[in-house]
Each structure stands twice: as structure tokens, then as C-alpha cells.
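Trainee: compute the structure for the input listed below.
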Amino acid sequence: MIEMADLGDGRYARGVAGDTLNTAWYARHALPADWSVAYGTRIGTDPASQGMFDFIQAAGIETRWIGRDSHRSVGLYLTTLTAGERRFSYWRGQSAARHLANDVDFLRSMMAGQDIIYFSGISLAILAPDDRKRLCDCLASARQAGSCIAFDTNVRAQLWSNADDMRAGIALGASVSDIVFPSHDDEMLMYPDQSIWGILDRYRAAGARTVVMKNGPQPVWCDHLGQRFSHNVMTISDVVDTTAAGDSFAAGFLASVVQGDDLKQAVQSAVALSAQVVRSHGALVVPVLDV
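Mentor: Okay, the predicted model is just below:
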């Protein structure tokens, strides 16, 4: 999507973002050069779409799985900041990405042989119900073939037709995933009375091997095959913009795991990278990566 980021003084900065793209971008920065990061989506053929394609390519992210649609374009969102917390306004009706899952052969080719495949609740929410199931069926097949499937629940209630569909869609995504990244705030939106233990139990029961739950400035909780631990989050007094905090967290975690770090090291890397990101405006912040 095109991002219009609130600079806090009435001005906005144009950028390229979107939750899964943010994660791909941060993973590319976090991984050694000989690791490959590819991005799969659909965009238009208009100048805004071409600019997005060029940006992704220049970032060192593989673009061969970016389909082109001459009848549609890309989405746009605007962020509004209040004390570092952001709210989103979306324009998605013309987005080609909403039709990504129309082509099963494309999906299967895109997923074949990948070490890790990452998607989100937004990936599911923007799809029609049949396309949502089609995407998850392809993810389940890729998982069976040996790919590790990672899912950030990233709940955006306004993208779902109703609360029941939202809960069912998130549960469907979790059911085909090895690693799930829920957020405590999102979980309270879906299940207001559930405890931290209940959240971990639900995603483990859905079939995830590993659940890593973010909770803002509160400790991160991780459950791996029933073994649980928490990791304290550093206090940050100079938060500027929390956009992409969770996206960069997932990138830091996955980049660490794929290189052989244990889960505690992976959580530590994720927390450290996210802490850098929230100290600057916008979704994409060039990190120091001495984490």
C-alpha cells in the first residue's frame, strides 16, 4: 500500500508500506545478503504501482511473485498519531491485492520450496471468503510439503464484515500455521474475557507449534510445544510512532530463528528491532541491527 504517514505537524510523508511488506523489508535488513527474501502480491500497471514495484526491487526483495493487474491499482492508508499511537484510514477498494488468491497455480508456484512463508490477518481480511479458504488451503499444502508457515493475526476489525467472520478468519489462518504472532490488544478485541494462558492455549490447540504474543510495553509471552517463558520489554521513553512495531518484531524473530538461534534469542532480537522502529516516524526505518 501507499502510506501517508503523519509527521505530527500537519504534514504527511508518502511512503510504501503494508504489514507483510514491512516484515519482508525488515527481514531483508536483518538477514545476511546470501539469504533470499521474496514478496508475493498483486499490483496494478499504473505509475503508483510501478513506483511500488521499483521500491521493493531496490530494497533487495525478490519481485518475481508480484503479479500485475491492468484493471486495478494499489491501496492507500493514512496514519493519524496521538501520543505515538496510530490510527488508520484505508482506501482499498481498487487494490489488486484483494484478488491475489484468484489463481491457485500462481499461489502454489509462489509457495513451492520456501523455507518460511509469512502472512497476516490483513492478508485474509481483504480477500473474499472463497479466496481466503483457497489461500489457506495452499498454505496448508506448503506446510505439509515442509515449509514453515508464520502468521501474524494483525486484527483490523474494520476490514471484516462482522465479528464472527473476523474470529473465524483468524482461526482459519492459525489452523494452517506453525508460528503465530498474536497481539494482546487484538485478542481482547476478539475475546475480551480470555487470559494470557487462554490465548496461548487456543493457538496451540489450533495447531501452532510456537505462539509468540506481543503486549506493547508488557512482557512478551512465548509457548513452544507447551513450554512457556516470558521476556521483559525495555522501557522506551521516546516513542514517536508505533507503526510497524509488530511487523518488525516478526521480522526480527523469523530472521533469528531461520539462522539457528533459539527462541529466547529470537524474542530478544525481535524486541530489540521493534524498539528501534518505534523511535522514528513511518513504517520503514533503517535499523542499526546491532541486535
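Trainee: all contacts plus neighbour counts: C-alpha atoms, from now on.
Mentor: Will do.
Trainee: chain center to stretch 1-14: distance?
Mentor: Computed by C-alpha atoms, centre = their mean, to the nearest Å, the separation of stretch 1-14 from the middle of its chain amounts to 20 Å.
Trainee: please apply the same query to stretch 73-90.
Mentor: Distance, centroid of stretch 73-90 to centroid of chain: 16 Å (C-alpha atoms, centre = their mean).
Trainee: what sits up against that stretch?
Mentor: 1-6, 8, 43-46, 48-49, 91-97, 239-243 (C-alpha atoms under 8 Å, 6 or more residues apart in numbering).
Trainee: among the residues you listed, which ones are in helices?
Mentor: In this view, the contacts of stretch 73-90 that belong to helices under DSSP state H are 48-49.
Trainee: so where's the chain uncertain?
Mentor: Scanning the chain for pLDDT under 70 picks out the ranges 83-86, 288-291.
Trainee: residue boundaries of the strands in it?
Mentor: Taking DSSP state E as the test, the strands found in the chain are 2-6, 12-16, 41-44, 66-69, 76-82, 85-91, 116-120, 148-152, 179-181, 210-213, 220-224, 227-231.
Trainee: now do the second one: everything it contacts.
Mentor: With contacts defined as C-alpha under 8 Å, 6+ apart, strand 12-16 is touched by 1-7, 52, 55, 282.
Trainee: and that strand, how far from the chain's centre?
Mentor: 19 Å.
Trainee: list the strands paired with it, with their directions.
Mentor: strand 2-6 (antiparallel) (DSSP bridges).
Trainee: residues in contact with the partner strand: which ones?
Mentor: Contacts of strand 2-6 (C-alpha under 8 Å, 6+ apart): 12-18, 52, 74-81, 281-282.
Trainee: I'd like to know how far the residue nearest to S177 when sequence neighbours are not counted sits from A157.
Mentor: Nearest in space to S177, with sequence neighbours left out and distances taken as C-alpha to C-alpha, 6 or more residues apart in numbering, is I149 at 4.8 Å. I149 sits at a distance of 23 Å from A157 (criterion: C-alpha to C-alpha, to the nearest Å).
Trainee: who has more neighbours, the two?
Mentor: The neighbour count for I149 versus A157, taken as other C-alpha atoms under 10 Å, is higher for I149 (24 against 17).
Trainee: pretty sure that one contacts S175?
Mentor: No - with contacts counted by C-alpha atoms under 8 Å, I149 stays clear of S175, the gap being 10.2 Å.
Trainee: re the thing from before, between the strands of the chain, which gets nearest to A101?
Mentor: Nearest of these to A101, taken as C-alpha to C-alpha: strand 41-44 at 9.2 Å.
Trainee: name the strands paired with that closest one and say parallel or antiparallel.
Mentor: strand 66-69 (parallel).
Trainee: show me what contacts T63?
Mentor: Counted by C-alpha under 8 Å, 6+ apart, T63 has contacts 38-40, 53, 56-57.
Trainee: and for A270?
Mentor: Counting by C-alpha under 8 Å, 6+ apart, A270 touches 248-253.
Trainee: nearest spatial neighbour of A101, skipping sequence neighbours?
Mentor: Nearest to A101 is D131, by C-alpha to C-alpha, 6+ apart, at 5.2 Å.
Trainee: count the neighbours of the closest residue to I236 other than its chain neighbours for me.
Mentor: Closest residue to I236 apart from its sequence neighbours, by C-alpha to C-alpha, 6+ apart: A275 at 7.4 Å. Per other C-alpha under 10 Å, the neighbour tally for A275 reads 21.
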